[in-house]
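In: please work out how this folds:
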Amino acid sequence: IDECGKNMNLVHGVISDFRGVILPRYREIAKQVVLVCCGTGSELVSTYIKAPTSKFNTIGSDPALSYLVMVSGTNLSQLEKEYQEAIERSTYGKVLATNTRMLTSGVIPMMNNELVKGHIIDDAEILRRRSAFASFRYAADYGLRVYQSKNSVGAIPLDQRNQFLCRAYSIMLRLSLWQLHKTEEDPTRSRVAARMLKEHGVGPTEVQRGTSELDGDNEVFLVGLATRNPSKTSAALRYYACEGCVTPLYSSDGASFELVVACQMERYYVSRGYQAGFLELRTAWPPATEKNPGLSEEDVQKRVTEMAKAGKEDVSDIVHSLTQPMKEGKNGVLVLRQGVPNAQGGDVLVLRLCKTELEEWKLSITSIQAKNWKKTHHRTAFNKAAMGVGYDSDNEDSEPTTGSAGYSYQATLKLVETVASHLRAESEGLERRVIAFAYGHTERSGTDQKNLGTDVELWSREMLEPTISALTVADDDDDSEEIGDE
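Out: Next up, the predicted model:
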């Protein structure tokens, strides 16, 4: 029986019928009769087999007669060397190759395409081309589309399929946050994880049960889009849950980490039902000032006014993007990334447009400093980053009007107020300040939150899942760059 994970009740019935009716007849003419049930969701199948006293009971009447074989995934060492090397050197191909179907039906056929190897006899050149082609996002996307067409999710209507992928993303994020919430002793850090869990549906009932699972998660497990154990969820399925909205993260490269954070925020809100989009700003919000400027309140206001004049095209683009969800009566989110190197404010800005029960629109903004630090940083580094999101840690001032922190804060307020006035919405100002970094919470310094209180949230790697781990971290000297240079 194939695709048995889709309907375990049917499998129970078939097995019962097989053992009670079919098996006795075949024993007269065969030494052994075996029923093989194949499909995804094997984690749940193992639950049925190993827990005869649970509410799921067992598969059949005798657990001793059931044997489960767990397929561990792909093993690239079993491939021909020519494919193995090309995949290992690639960016996207290496990720998709962690799923058997994406590898055999997507990545390998893609590498054998005439566009890649046609009329070339030099093996070294074919290797370079295969690796480069599998490092191109839109070419590698072919593997996802093949998987979708051949997997059971391909038969699901588009809207429902998108909901499944959103739920798969949510499961992966919730599992990561749940571990953090359970183990984090610092109340400030734990509070952030708890808030994110709540935004993704984990309420007091789930907390009391000691789980992050929600009703409906089983459907995602059964079609094989996620597992209860994050370590057993392949990079390919993480990539698929993000719908390919991921980007390579290069070591010590701030720009690539900003894109990872931007992708995570877009997917974060899509999975919550928002209509989300992404936009790269043309001008700095705000432009950087000279080092240690003694900006008075008058200086700050003057610079902010000049910034608003220079950024009119950005405002027009933002308003145009947010008008669509308003027309449809839906909550909307627009993720902004500073597109110029001389910006001082948040690296990633998130505008959130919500409709109230009174049919009124409200607009708020979240400012994020994205720090691709290799290792833990301490109080001084975080206090400096806090200025970029408009917080004066020296004076513990969350509404500064002077200095660098005041300049960043007032500029951020100006952006949300200007956009809100064009949309005829009410500005709720700065909703959240965030400093995001790429290392895990166990590597954090005990003093990184000092002087920041609850005004600035610190996001470790766990809060950026599954986007940050969906695409294998690439080295700075990856082969795709080398080919580009040639």
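In: let's verify Tyr439: helix, strand, or coil?
Out: Assigned with DSSP: H, G, I helix; E, B strand; the rest coil, Tyr439 falls in the coil class.
In: kindly report the same for His181.
Out: Secondary structure of His181, per three-state DSSP, is helix.
In: so for it, what's the pLDDT?
Out: Per-residue pLDDT puts His181 at 85.
In: any idea how far it is from Thr227?
Out: 20 Å (CB to CB, to the nearest Å). C-betas here are computed from N, CA, C, even on glycine.
In: again, but for Ser176
Out: Following CB to CB, the distance that separates Ser176 from Thr227 is 13 Å.
In: and if you look at Arg89?
Out: 28 Å.
In: equivalent analysis for Pro325, please.
Out: 33 Å.
In: also Ile120?
Out: 40 Å.
In: for the chain, just list every one of the strands.
Out: 275-280, 332-337, 348-355, 361-371, 426-437, 457-459 (DSSP state E).
In: may I see the buried residues of the first one?
Out: Put plainly, it is strand 275-280. If you call a residue buried by 16 or more other CB atoms under 10 Å, then strand 275-280 has these buried ones: 275-279.
In: which stretches of the protein aren't confidently modelled?
Out: Scanning the chain for pLDDT under 70 picks out 5, 41-64, 290-293, 472-486.
In: in the stretch 151-300 of the chain, which spans are helices?
Out: 158-183, 187-199, 204-209, 217-222, 235-241, 254-270, 297-310 (DSSP state H, counting those that start in this stretch).
In: how about those helices, which one is nearest Val333?
Out: Comparing these by their distance to Val333 (CB to CB), the top pick is helix 254-270, with 4.1 Å.
In: mind giving me the packing neighbours of the closest one?
Out: If contacts are counted by 3 or more CB pairs under 8 Å, 6 or more residues apart in numbering; DSSP states H and E, helix 254-270 sits against helix 158-183, strand 275-280, strand 332-337, strand 348-355, strand 361-371, helix 467-470.
In: try it again with 7 Å
Out: Helices and strands touching helix 254-270, by 3 or more CB pairs under 7 Å, 6 or more residues apart in numbering; DSSP states H and E, are strand 275-280, strand 332-337, strand 348-355, strand 361-371, helix 467-470.
In: of those, which is nearest Ala386?
Out: strand 361-371 (7.8 Å).
In: show me what counts as buried in the closest one.
Out: So for strand 361-371, counting by 16+ other CB under 10 Å, buried means 361, 363-371.
In: in a markdown table, list the residues you listed along with distance to Val333.
Out: Output for those, formatted as a markdown table (distance: CB to CB, whole Å):
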| residue | distance to Val333 |
| --- | --- |
| Trp361 | 13 |
| Leu363 | 11 |
| Ser364 | 10 |
| Ile365 | 11 |
| Thr366 | 10 |
| Ser367 | 14 |
| Ile368 | 13 |
| Gln369 | 19 |
| Ala370 | 17 |
| Lys371 | 23 |
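In: looking at the helices and strands packed on helix 254-270, which is nearest to Leu115?
Out: Once those are compared by CB to CB, helix 467-470 is nearest, at 26.1 Å.
In: which other helices and strands contact that closest one?
Out: By 3+ CB pairs under 7 Å, 6+ apart, helix 467-470 packs against helix 235-241, helix 254-270.
In: okay, Ile120 and Thr227: which has more neighbours?
Out: Thr227 (21 against 12; other CB atoms under 10 Å).
In: any chance of the backbone angles for the more buried one?
Out: With angles defined as degrees, to the nearest 10, Thr227 sits at phi -130, psi 160.
In: is it true that it touches Thr233?
Out: Yes: shown here, Thr227 and Thr233 form a contact pair, counting by CB atoms under 7 Å, at 5.0 Å.
In: you'd agree Met111 is up against Gln84?
Out: No: between Met111 and Gln84 there is no contact, the gap being 11.1 Å when judged by CB under 7 Å.
In: these two - which one has more neighbours?
Out: Per other CB under 10 Å, whichever of Met111 and Gln84 has more neighbours is Met111, with 23 against 14.
In: tell me who's in contact with the nearest residue to that one once chain neighbours are set aside.
Out: Spatially, and ignoring its direct neighbours in sequence, Met111 is nearest to Arg130 (4.4 Å; CB to CB, 6 or more residues apart in numbering). For Arg130, the contact set (CB atoms under 7 Å, 6 or more residues apart in numbering) comprises 86, 111, 116.
In: what about the last one, how many residues close to it?
Out: Okay, so that is Val116. 17.
In: I'd assumed Ser135 was in contact with it.
Out: No: between Val116 and Ser135 there is no contact under CB under 7 Å: 12.0 Å.
In: re earlier: could I get the contacts of Arg130 as CSV with distance to Met387?
Out: Converted to CSV, the contacts of Arg130 look like this (distance: CB to CB, whole Å):
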residue, distance to Met387
Ala86, 46
Met111, 48
Val116, 49
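In: quick check, nearest of those residues to Leu65?
Out: For the contacts of Arg130, the residue nearest Leu65 by CB to CB is Met111; the value is 43.5 Å.
In: how close does that closest one sit to Leu144?
Out: Taking CB to CB, one finds Met111 at 16 Å from Leu144.
In: Glu28 too?
Out: Distance of Glu28 to Leu144, computed by CB to CB: 49 Å.
In: so who does Cys242 touch?
Out: If you count contacts by CB under 7 Å, 6+ apart, Cys242 has them with 169, 263, 267, 466-467, 470.
In: if you could redo that for Pro286, that was the one I meant.
Out: 303-304, 307, 344-345, 407-408, 411.
In: how about it, nearest residue that isn't a chain neighbour?
Out: In space, Pro286 is closest to Ala411, 3.6 Å off (CB to CB, 6+ apart).
In: mind listing what that neighbour touches?
Out: 285-286, 304, 307, 345.
In: greatest separation within those residues: which pair is it?
Out: Taking CB to CB, the two most distant members of the contacts of Ala411 are Val304 and Gly345; they sit 10.8 Å apart.
In: neighbour-wise, which of these two wins?
Out: Legend: neighbour count by other CB under 10 Å for Val304 and Gly345, higher for Gly345 (26 against 20).
In: please determine how far that one is located from Leu423.
Out: According to CB to CB, Gly345 stands 21 Å off from Leu423.
In: same deal with Glu82?
Out: For Glu82, the distance to Leu423 - CB to CB - is 55 Å.
In: wait, Ile1 sits on Cys37?
Out: Yes: counting by CB under 7 Å, Ile1 touches Cys37, with 4.8 Å between them.
In: shared neighbours, the two?
Out: Joint contacts of Ile1 and Cys37 (CB under 7 Å, 6+ apart) are Val11.
In: tell me which of the two has more neighbours.
Out: Taking neighbours as other CB under 10 Å, Ile1 and Cys37 compare with Cys37 leading, 18 against 13.
In: next one: phi and psi at that one?
Out: Here is the backbone geometry of Cys37 (degrees, to the nearest 10): phi -110, psi 120.
In: that one and Lys6: what is the separation?
Out: Taken as CB to CB, the span from Cys37 to Lys6 is 11 Å.
In: next: Ile126.
Out: 40 Å.
In: could you do Lys302 as well?
Out: Counting by CB to CB, the gap from Lys302 to Lys6 is 64 Å.
In: again with Gln410
Out: 56 Å.
In: with Trp285 instead?
Out: From Trp285 to Lys6 the distance is 49 Å (CB to CB).
In: more neighbours, the two?
Out: Trp285 (27 against 16).
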